[in-house]
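S.K.: After the sequence you'll find the predicted model.
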Amino acid sequence: MKRSWNPILWGGFALVLAGIASYPTFFIRFPVTRDFPWANLLLLAVAACMLAVGVLRAFKRPEAYRGKVSGSILASLSVLLIGFFLVSIFYIARNLPASKNAPRAGEIAPDFTLPDSTGHAVTLSSLLNLPFGTNNWPDTAAATGKTSGAVLIFYRGYW
Amino acid sequence: MVAISVDPPSDSQHLREIAGYSFLFLSDDKAQVIHQWDLVHPHAGIDGADIARPAEYLLDSSGKVRWVNLAEGYLVRTRPKQVLQAVDSMNLAGK
């Protein structure tokens, strides 16, 4: 009997690559699939099953299927790649400093002065009571004609 | 609404223009405020620069912190709904 090509092996490996690459390129854009990468984990689980089937049949029925060598290589590579993905998402991305001394609810926020995007110096305390309309503030501002407070968003930068 | 990063003002201005943001961007390019607020993620930026960990604050008119969110990972972001809920609860609590 002619040994047949073992496409499920290669398909599984391709799906591993796609399951990893689709996180930074696609699923990261949507909060539901970014905060927890369930879509990618699902793809990788399917890929792992395909690889397992491919490797098993290469070893159990070598007279019918090819892929003992290529299957072992692809499966090992996949384990490494999936491990790298899991470590990146669940360890490295969550390895943030504790920020123990960051201001907590109820505390007075430390004041500061920083340049805005046109280079003009802006002081935080001066932003907390502005005429309505200058700081895009909803409800209370519309009712009182003044803003009362600010939302500060510390972000990692644009690159 | 104020966005703060260690980007120089010109980078923030560029971001505002391409993304069409109308709110204020402040440039903490010496990382002085994120050190003062203990929000530094050391050496996590380009070329090992200190940048901010993601953090969102709601302050009232007296400068008191009414709500804060320190995400557990940098892939997790506050959703607009969470901030709006915090604003609502602040208004209900009476300024």
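M.R.: Structure's in. What do you need? Residues are numbered from 1 along each chain as shown, chains lettered A, B, ... in the order given.

S.K.: where does B:Val87 land in three-state SS?
M.R.: Put simply, B:Val87 is helix when judged by DSSP: H, G, I helix; E, B strand; the rest coil.

S.K.: cool, the one 3 residues further on as well?
M.R.: Three-state assignment for B:Met90 (three-state DSSP): helix.

S.K.: where's it relative to chain A, distance?
M.R.: 7 Å (CB to the nearest CB, to the nearest Å). (Glycine included, C-beta is placed from N, CA and C.)

S.K.: was I right about that residue contacting B:Leu59?
M.R.: No. Here B:Met90 does not reach B:Leu59: they are 9.6 Å apart, not a contact under CB atoms under 8 Å.

S.K.: any bit of the helix or strand hosting B:Val65 sitting next to chain A?
M.R.: Using DSSP states H and E, B:Val65 sits in strand B:65-70. Yes. Using CB under 8 Å from any CB of the partner chain, strand B:65-70 reaches chain A at B:65-68, B:70.

S.K.: can you tell me if the helix or strand encompassing A:Leu9 touches chain B.
M.R.: Taking DSSP H and E as the criterion, A:Leu9 maps to helix A:7-25. No. Applying CB under 8 Å from any CB, one finds helix A:7-25 separated from chain B by no less than 9.2 Å.

S.K.: quick one, strands of chain B?
M.R.: For chain B, strands defined by DSSP state E occupy the ranges B:2-5, B:24-27, B:40-41, B:51-52, B:55-59, B:65-70.

S.K.: With respect to burial, which of those scores highest?
M.R.: Counting by mean count of other CB atoms under 10 Å in any protein chain shown, strand B:51-52 has the highest mean neighbour count of those, with a mean of 26.

S.K.: Just checking: what are the partner strands of that one?
M.R.: With DSSP bridges as the test, strand B:51-52 is paired with strand B:40-41 (antiparallel).

S.K.: one step back: can you redo the residues of strand B:65-70 next to chain A as a markdown table, where the extra columns are pLDDT?
M.R.: As requested, the residues of strand B:65-70 next to chain A are exported to a markdown table (pLDDT from 0 to 100):
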| residue | pLDDT |
| --- | --- |
| B:Val65 | 95 |
| B:Arg66 | 93 |
| B:Trp67 | 94 |
| B:Val68 | 95 |
| B:Leu70 | 93 |
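
S.K.: Only the buried residues of stretch B:66-85, if you could.
M.R.: Within stretch B:66-85, the residues that count as buried by 16 or more other CB atoms under 10 Å in any protein chain shown are B:66-71, B:73-78, B:83.

S.K.: and the strands of chain B as JSON lines, adding distance to B:His14?
M.R.: Listed next are the strands of chain B as JSON lines, based on distance: least, CB to CB, whole Å:
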{"stretch": "strand B:2-5", "distance to B:His14": "12"}
{"stretch": "strand B:24-27", "distance to B:His14": "10"}
{"stretch": "strand B:40-41", "distance to B:His14": "23"}
{"stretch": "strand B:51-52", "distance to B:His14": "17"}
{"stretch": "strand B:55-59", "distance to B:His14": "23"}
{"stretch": "strand B:65-70", "distance to B:His14": "27"}
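
S.K.: Which one of those lies nearest to A:Ala75?
M.R.: Nearest of those to A:Ala75, taken as CB to CB: strand B:40-41 at 36.0 Å.

S.K.: now the closest one: how far from the chain's centre is it?
M.R.: 13 Å (CA atoms, centre = their mean, to the nearest Å).

S.K.: same thing with stretch B:12-29?
M.R.: Relative to the chain's own centre, stretch B:12-29 is displaced by 12 Å; criterion: CA atoms, centre = their mean.

S.K.: Return the helix or strand in chain A with minimum mean pLDDT.
M.R.: Least confident helix or strand, chain A: helix A:140-144 with a mean of 50, by mean pLDDT, DSSP states H and E.

S.K.: can you give me the strands for chain A?
M.R.: With strands called from DSSP E, chain A shows them at A:113-115, A:121-123, A:150-154.

S.K.: elements contacting the second one?
M.R.: Read it as strand A:121-123. strand A:113-115 (3 or more CB pairs under 8 Å, 6 or more residues apart in numbering or on different chains; DSSP states H and E).
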